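S.K.: Below: sequence and its predicted model.
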Amino acid sequence: MKKLVVKLIDTKSTYPVRHAVLRQGKPLSSCVFKGDDLETTYHIGGFIANKLVAIATILEHNNKTHKFNNAVQLRGMAILKEYQKKGYGKELIKYAEKIAKENNKSMLWMNARIKAVEFYKKLDYNKIGNVFEVLDVGEHYVMFKKLI
């Protein structure tokens, strides 16, 4: 496995990977997420030989339904197909958790696609609530992990 270099990136750098993995066949504008440009939002990039192959975004966002306070939400996590199942997703999550802890956040949560639930479970995330549909994307579960 080649070493993944993980660091913060700007918003627009996430779009090519978001588009290829999460919004394929949709307009590039569908890669712009609400909250992307807030000062409290962090975009994480994973690089192999200076090529951006993995991304994730965390933004300050409490979840009123599940009473997650002092929380950050993981959004738009994506790894280019040829780089999936190599442990790079785990590295992005660990980096996201580190940033959340540095910002004194007590909870990290996400809307996890059905096919990603087992991945998050292996990283000690828990499912809560019922499955729900994200329009034009598919079925998801809310998953969370207490950080502090």
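M.R.: The structure has been received and is ready for your questions.
S.K.: Quick check, pLDDT for Tyr125.
M.R.: Note for Tyr125: predicted pLDDT of 98.
S.K.: swap in Val134?
M.R.: In this model, Val134 is scored at 87, pLDDT.
S.K.: In which helix or strand does the closest residue to it other than its chain neighbours reside?
M.R.: Leaving out its chain neighbours, the residue that sits closest to Val134 by Cβ to Cβ, 6 or more residues apart in numbering is His140, at 5.4 Å. No exception for glycine: its C-beta is placed from N, CA and C like everyone else's. Element membership of His140 [criterion: DSSP states H and E] is strand 138-146.
S.K.: Neighbouring strands - and their directions - for that strand?
M.R.: Using DSSP bridges, strand 138-146 pairs in its sheet with strand 107-113 (antiparallel), strand 126-134 (antiparallel).
S.K.: tell me the most buried of those strands?
M.R.: When the strands paired with strand 138-146 are scored by mean count of other Cβ atoms under 10 Å, the highest mean neighbour count falls to strand 107-113 (a mean of 21).
S.K.: who's in contact with the helix or strand following it?
M.R.: Sequence order places helix 117-122 as the next helix or strand after strand 107-113, per DSSP H and E. Contact with helix 117-122 is made by 89-90, 93, 110, 112, 127, 141, 143, as judged by Cβ atoms under 8 Å, 6 or more residues apart in numbering.
S.K.: packing partners for the longest helix anywhere in the chain?
M.R.: Determined from DSSP state H, the single longest helix within the chain is helix 88-102. The contact analysis (3 or more Cβ pairs under 8 Å, 6 or more residues apart in numbering; DSSP states H and E) places helix 88-102 against strand 5-9, strand 42-48, strand 51-60, strand 71-79, strand 107-113, helix 117-122.
S.K.: ranking those by burial, who's on top?
M.R.: strand 71-79 (a mean of 23).
S.K.: Could you list every helix and strand that that one packs against?
M.R.: helix 11-21, strand 51-60, helix 88-102, strand 107-113.
S.K.: Now tabulate these in JSON lines and tack on distance to Leu28 and mean pLDDT.
M.R.: JSON lines is the format used below for those (distance: least, Cβ to Cβ, whole Å; pLDDT from 0 to 100):
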{"stretch": "helix 11-21", "distance to Leu28": "6", "mean pLDDT": "96"}
{"stretch": "strand 51-60", "distance to Leu28": "15", "mean pLDDT": "98"}
{"stretch": "helix 88-102", "distance to Leu28": "22", "mean pLDDT": "97"}
{"stretch": "strand 107-113", "distance to Leu28": "21", "mean pLDDT": "96"}
